[in-house]
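In: Task: produce atomic coordinates for the following.
(one chain, ligands or ions: 1)
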Amino acid sequence: MKKGLVAGIIAAVLIVFGGGYYVMNQRTTSASNASDLKTDKKTTQTSKKMLILYYSNSGTTKIAAKKIQKQTGADIVEMKMNPVYPKNYNKLGAFAQHQIDIKARPKITNLPKLAKYDTILLGFPTWFHRPPMFINTFFATAKLKGKTVVPFTTSASSEISESTPYLKKMAKGTGVKLQTGFRANETRTITSYLKQHKLV
Ligand SMILES: Cc1cc2nc3c(=O)[nH]c(=O)nc-3n(C[C@H](O)[C@H](O)[C@H](O)COP(=O)(O)O)c2cc1C
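Out: Have a look, this model is predicted:
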C-alpha cells in the first residue's frame with residue numbers, strides 16, 4: 001500500500017514536470033524554426049542570384065569564367081552553338097568573318113532558364129574587334145527585362161570598350177541593364193571589377 005503511494009507520487013511528479021519540459025521544448029523549437037524562416041526570407045530577398053554564361057574556343061575565356069566563378073560562387077554554363085565553331089585558327093577566322101558578313105544568328109543550343117537570375121556575367125572572346133555573332137542571338141532571344149548583364153571578354157589586346165558599341169545596340173529595347181564590363185585576361189582586373197561593382 002505504502003509502495004503503491006510512493007509510486008503514484010513519482011508518476012505524478014514525472015507527468016507534471018515531464019509534460020512541462022515537453023511543452024517548453026516544443027515552444028523553443030517552434031520559436032527557433034520561426035527565426036530560421038525569418039532568416040531564410042531575408043537571405044532570399046537580399047541575395048543576388050548570378051549566372052556566368054560564356055563561350056570559349058581556345059580556352060582563355062574558360063579560364064577567366066572559372067576565376068569569376070571561384071570569386072563569386074555563381075552558377076556557370078558554357079554556351080554551345082549550332083553551327084559549331086571550328087577549332088583551327090584559320091578556319092575559325094574565315095567562319096567568324098562570314099557570320100559577320102551575313103549577319104548570322106547562330107543558335108545557342110543550351111541556353112538555361114534565366115528566370116531565377118538577376119545578374120548574368122556574359123563572357124566571350126573578342127573576334128574582329130567585336131563580340132561574336134552568337135552574342136547577338138543571346139540579346140535577341142533571352143528574356144532579359146530587368147536583369148543586369150555584365151559583359152566580359154578575353155582578347156590579344158582589345159579592351160571591352162571595342163565591343164561596347166555593339167553590345168549597346170544589341171541591348172537596346174530589351175529592358176536589360178547593361179554594365180560596362182571588363183577585359184578578363186588578368187586576375188587583378190577581374191577581382192577589382194567584381195569588388196567595385198559589389199558582385200562579390
Ligand atoms: C577569329 C579571331 C579574331 C580575333 N580578333 C581579335 C581582335 O579583334 N582583338 C584582339 O585583341 N584579339 C583578337 N583575337 C584573339 C582572341 O580574342 C583571344 O585569343 C581570346 O582570348 C580567345 O579566347 P578563347 O580562348 O576563349 O577562345 C581573335 C582571335 C580569333 C580566332
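In: How about the helix or strand where Leu51 lies and the ligand, any contact?
Out: Assigned by DSSP states H and E, Leu51 falls within strand 50-54. No - Strand 50-54 lies out of reach of the ligand by Cβ under 6 Å from any ligand atom, never closer than 8.0 Å. (C-beta placed from N, C-alpha, C; glycine too.)
In: for that strand, which positions count as buried?
Out: Using 16 or more other Cβ atoms under 10 Å as the test for burial, strand 50-54 gives 50-54.
In: likewise stretch 99-119?
Out: So for stretch 99-119, counting by 16+ other Cβ under 10 Å, buried means 99, 104, 106, 108, 117, 119.
In: Among those residues, name the ones in strands.
Out: Under the assignment DSSP state E, the buried residues of stretch 99-119 contribute 108, 119 to strands.
In: can you redo the buried residues of stretch 99-119 as CSV with distance to Gln71 and pLDDT?
Out: Formatted as CSV, the buried residues of stretch 99-119 follow (distance: Cβ to Cβ, whole Å; pLDDT from 0 to 100):
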residue, distance to Gln71, pLDDT
Gln99, 32, 98
Ala104, 33, 98
Pro106, 29, 98
Ile108, 25, 98
Tyr117, 17, 98
Thr119, 14, 98
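In: what's the closest of the buried residues of stretch 99-119 to Phe182?
Out: Thr119 (14.1 Å; Cβ to Cβ).
In: which ones are touching Ser163?
Out: 126, 129-131, 151, 153, 181 (Cβ atoms under 8 Å, 6 or more residues apart in numbering).
In: Name the nearest of those residues relative to Ile76.
Out: Ile76 lies nearest to Pro151 out of these, by Cβ to Cβ, at 15.6 Å.
In: Quickly list what that closest one is bridged to.
Out: Under DSSP bridges, the beta-bridge partners of Pro151 are Leu122.
In: and it, what is it in contact with?
Out: So Pro151 contacts 121-124, 131, 160, 163, 167, 178-179, 181 (Cβ under 8 Å, 6+ apart).
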